[in-house]
Every structure is written in structure tokens, then in C-alpha cells.
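Student: kindly generate the corresponding structure for this input.
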Amino acid sequence: MTQQGEIPVHTRRDRYDPVPELARLRAERPLAERANVSRGTASRLEGWLATGFDEVREVLGGSERFSTLPPADSKAESLELVQAGNLLRYDPPEHTRLRQMLTPEFTVRRMRRMAPHIEAITEDCMDTLEEAGPPADLMKHFAWSVPALVTCELLGIPRDDRAELARRLDELNRHTGTHHGHSASNVLFRHMIHFAALQRKNPGEELIGMLVREHGDDISNQELAGISLSLMAAGIENIACMLGPGIQVLLEHPDQLALLRERPELIDQAVEELLRYVSVIPTASPRTALEDIEVAGHVVKAGERVVCSLFAANRLQDPDGPRDDFDITRTPVSHVAFGHGIHHCVGAPLARMVLRTAYPALLRRFPGLRLAVPAEEVSFRPAQSLIYGVNDLPVTW
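Tutor: Numbers count the residues shown, from 1 in each chain. Here you go, the predicted structure:
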């Protein structure tokens with residue numbers, strides 16, 4: 001079993017809070033060599049760890065000096081390791097080509113088309129939650145269901161295909177990192193290639209159909225499948241892990257919850273503060289220096305890797321006064337919850353719309369919403385999980 005000391009400091013948390021070691025590291029060495037800040041098996045890791053807000057933004061924003069491609073002996077070999085359509089692992093010009101195709105689909109105007117779907121899905125999922133309890137597991141009956149159904153609407157997944165797709169996604173999530181998980185990933189990718197081929201024959205009005213209609217042969221079925229899977233990962237797991245924990249944080253800060261009920265116009269600020277505070281994505285994809293680069297007084301040599309702690313950057317921005325308090329009136333809320341630079345999450349507008357819709361709807365529908373178990377009994381995902389959150393969230397009303 002993995003011991004606490006073997007977990008790198010930047011992935012450890014005390015529920016939603018940074019551990020003291022991370023706060024000290026951020027204050028003393030916002031860019032540090034990883035071998036000097038890790039313990040146990042993690043001490044063999046090479047490269048750098050960025051925990052400072054400015055340092056993280058500098059690394060993530062330096063796409064001409066830092067690469068997101070997997071390490072290999074050549075760029076061609078690196079590209080072979082990247083799943084087609086996965087923008088998070090591409091560098092320009094491959095990244096630029098696909099990003100320019102996707103960006104128009106996430107404008108405010110086009111996102112407004114999703115608003116009625118998001119509202120209807122939220123209502124249906126609240127019906128399911130109410131039928132299941134009280135008490136009921138908010139994650140199972142609401143937090144996972146809302147983004148899953150919204151993402152299917154976004155992509156244009158046929159209703160008859162959603163149950164099978166959900167089964168395949170669940171199998172992949174349960175076996176991530178294993179041989180079975182690799183096989184499940186390949187099966188899911190082939191499933192989405194088939195979906196892309198059907199859309200190419202008869203493109204719908206949703207995102208994948210629009211990409212086919214507007215770009216034709218300039219985008220392959222493999223790329224469409226990869227884009228679909230990337231958006232599913234971001235659109236389902238990331239949002240689910242914000243919906244449940246976001247409600248938990250509000251319930252554990254009754255003064256802030258009362259303020260949001262009293263002043264619903266604060267929802268936009270509340271969402272940004274929750275994104276900053278929870279930081280469900282602990283770290284960004286590692287970056288590799290393409291040349292010798294000076295960052296925070298240190299020289300990161302060509303070929304060295306930099307891990308950026310989004311959690312530390314969000315929660316420990318000011319070394320003289322850590323912004324560890326939760327305050328929905330905070331403005332402006334500066335954070336890197338969606339990343340930074342060219343790899344800033346393309347689906348951020350949709351994620352924000354879901355959160356701005358679902359949080360208030362849930363609080364209106366269940367004015368007596370509260371945890372059904374003591375706070376210390378809520379089960380959290382392992383600290384080293386790629387996406388942080390809770391396994392379940394029992395609530396009553």
C-alpha cells in the first residue's frame with residue numbers, strides 16, 4: 001500500500017486544503033527541483049515542480065519554449081504517442097489547426113444553444129435525486145449524471161447509444177492504468193470512430209456534426225473520435241468533481257451559502273471561487289523545455305520536464321498571506337483551474353454554464369440540503385488521483 005510519505009507533496013491534501021509542506025515549499029521555492037521536494041519512490045523523479053502562481057503561468061504560457069508532447073527521441077516519435085485529436089498533448093502547428101476548428105463551437109453565442117438542454121437535464125436529475133432519497137448520494141444521482149447527459153447533447157450522441165457508451169466509460173474508469181484499461185480505451189476509441197463515421201454520412205446540428213459540415217476532409221474520423229473522448233473526459237469527470245465537492249464546500253461554509261441564497265446574483269463569482277478553491281485538476285500536463293530557459297532565477301535545461309501544480313498556484317498565490325479562505329465575494333478571482341496559455345480548456349465556457357445552472361437549481365429545489373453523514377466520514381479520492389474529488393456524497397434535505 002502506498003504510504004503518505006511516498007506521495008509527492010504537490011498531490012497531497014488535507015481534504016480540500018493544502019498540506020503545510022506545500023505551503024512552505026510554495027513560499028520558499030516556487031520553482032524547485034523535484035528530487036529535492038519528493039519522498040520515497042517519488043524522489044527518483046527528475047525535473048522541476050512549479051508551485052508559484054506566476055511561475056505556473058510562465059511555464060504554461062510558454063508554448064514556444066515548452067512542449068506538451070510525450071518525451072521521445074524525435075518529434076515524429078512523440079506524435080506517435082499522442083492519441084489523435086487530444087489537444088492537451090499537441091504542440092503547434094497540430095494544436096493550432098484543431099483548436100481553430102473547435103474554438104468557434106464554444107463561443108458564448110453557440111453555448112446559449114445548450115442552455116435549455118442544461119436546464120432540462122438539471123431538472124430531470126434533481127427528480128432522480130429526490131426519488132432516491134432522502135438520504136441519497138449526490139454524486140451518483142446528480143453530479144455524475146448532469147455532465148454526462150450534457151456532454152452527450154453537446155457531441156450529438158444518440159439517446160439509444162448513451163447507455164452503452166456509459167458502460168464503456170465506466171469500465172475504462174475502473175481499470176485506468178491497467179492492461180484491461182488499455183484494452184477498454186482502445187475499444188472506446190473504435191466506438192467513437194464509428195460514431196464519427198456515422199456523423200460524416202449524416203452530420204447533425206451538434207458539435208461533431210458541425211465540425212464535419214464546416215471542415216469536411218480537413219479533419220479525420222480519428223481526430224473527431226479523439227476530440228470526442230477528450231471532451232468527455234473534461235466534460236464529465238471534471239464537472240462531476242466540481243458539482244459534488246462544490247456543494248460540499250458551500251454546506252461546510254454556511255455563511256457563504258446563506259450569502260449566495262440571499263444574493264443569487266453572486267453565482268458567477270461563487271463559481272469562480274469554487275473553481276479556484278477546489279481545483280479538481282491538481283496538475284497540468286507536464287511540459288518539456290525546448291531550450292535552456294530561466295524561470296524564477298533557475299535555469300531549466302533543454303529536455304528537462306516541469307510539473308505545474310495548479311492547486312498550489314490557485315490556493316497559495318500570495319506567500320505573505322495565503323488565499324486559503326473561501327470567499328464568494330472575492331473579485332477578481334484569478335486562477336488557473338482551466339489551465340493557461342494555448343492549452344487553456346476549450347470547454348471552459350460550457351463547464352461554467354453547467355455549474356452556474358446546477359448549483360442554484362439544486363439549492364432552490366432543496367432548501368434544507370445538508371450532509372447526511374458527519375463531514376469527516378465523506379470518502380475522498382486518493383490524493384494522487386488525476387482528478388480530485390469525493391467518491392460519494394450522502395445528502396439529505
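
Student: tell me if residue 294 really is in a strand.
Tutor: Yes. Judged by DSSP: H, G, I helix; E, B strand; the rest coil, residue 294 forms part of a strand.

Student: pLDDT score assigned to it?
Tutor: According to the prediction, residue 294 has pLDDT 95.

Student: now do the same contact list for it.
Tutor: residue 300 (Cβ atoms under 8 Å, 6 or more residues apart in numbering). Backbone N, C-alpha and C define where each C-beta goes, glycine included.

Student: one more: residue 166?
Tutor: Taking Cβ under 8 Å, 6+ apart, one finds residue 148 in contact with residue 166.

Student: where's it, which helix or strand?
Tutor: helix 159-174 (DSSP states H and E).

Student: check which residues of that helix are buried.
Tutor: By neighbour count with 16 or more other Cβ atoms under 10 Å, helix 159-174 contains the buried residues 165-166, 168-169, 171-172.

Student: any chance you could map the helices in the stretch 1-150 of the chain?
Tutor: Along the stretch 1-150 of the chain, the stretches classed as helices by DSSP state H, counting those that start in this stretch are 20-28, 53-61, 75-80, 94-102, 108-112, 115-132, 138, 145-155.

Student: show me what the longest helix anywhere in the chain is packed against.
Tutor: Of all segments of type helix in the chain, defined using DSSP state H, the longest is helix 179-201. Where contact means 3 or more Cβ pairs under 8 Å, 6 or more residues apart in numbering; DSSP states H and E, helix 179-201 is packed against helix 159-174, helix 207-215, helix 221-232.

Student: hang on, the earlier thing: what angle do the helix holding residue 166 and helix 221-232 make?
Tutor: 70 degrees (axes from the mean of the first three to the mean of the last three Cα atoms, to 10 degrees).

Student: how far away from the center of its chain is helix 159-174?
Tutor: Taking Cα atoms, centre = their mean, to the nearest Å, one finds helix 159-174 lying 19 Å from the centre of the chain it belongs to.

Student: does residue 314 really touch residue 279, like I thought?
Tutor: Yes. Using Cβ atoms under 8 Å, residue 314 makes contact with residue 279 at a distance of 4.7 Å.

Student: shared neighbours of those two, which are they?
Tutor: 335, 337.

Student: any idea how many residues pack against residue 382?
Tutor: 10 (other Cβ atoms under 10 Å).

Student: where in the stretch 251-397 of the chain is pLDDT low?
Tutor: Scanning the stretch 251-397 of the chain for pLDDT under 70 picks out the ranges 318-323.

Student: give me that answer again for 80
Tutor: The stretch 251-397 of the chain contains residues with pLDDT under 80 at 317-324, 332-333, 383-384.

Student: tell me which stretches of it form helices.
Tutor: 254-262, 267-278, 310-315, 348-365.

Student: of all those helices, which one is nearest residue 109?
Tutor: helix 348-365 (10.4 Å; Cβ to Cβ).

Student: what does the closest one rub up against?
Tutor: 106-108, 111, 114-115, 118-119, 122-123, 126, 130, 142, 146-147, 150, 154, 234-235, 238-239, 242-243, 246-247, 250, 257, 260-261, 264, 267-268, 270-271, 274-275, 338, 345, 369.

Student: got it, and stretch 375-383?
Tutor: So stretch 375-383 is contacted by 2, 7, 11-13, 15, 241, 248, 252, 371, 387-394 (Cβ under 8 Å, 6+ apart).

Student: repeat that for 6 Å
Tutor: Residues outside stretch 375-383 that contact it (Cβ atoms under 6 Å, 6 or more residues apart in numbering): 7, 11-13, 388-391.

Student: and it, how far out from the chain middle?
Tutor: 19 Å.

Student: same question for stretch 82-96.
Tutor: With Cα atoms, centre = their mean as the basis, stretch 82-96 stands 17 Å off its chain's centre.

Student: ok, stretch 122-140 next?
Tutor: Offset of stretch 122-140 from its chain centre (Cα atoms, centre = their mean): 23 Å.

Student: next, the buried residues of that stretch.
Tutor: Buried, per 16+ other Cβ under 10 Å, within stretch 122-140: 122, 125-126, 129, 133, 136-140.

Student: could you export the residues you listed as TSV, including distance to residue 197 and pLDDT?
Tutor: Formatted as TSV, the buried residues of stretch 122-140 follow (distance: Cβ to Cβ, whole Å; pLDDT from 0 to 100):
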residue	distance to residue 197	pLDDT
122	32	97
125	31	97
126	36	98
129	37	97
133	42	88
136	39	97
137	37	97
138	37	98
139	34	96
140	33	94
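
Student: thanks a lot, see you next time.
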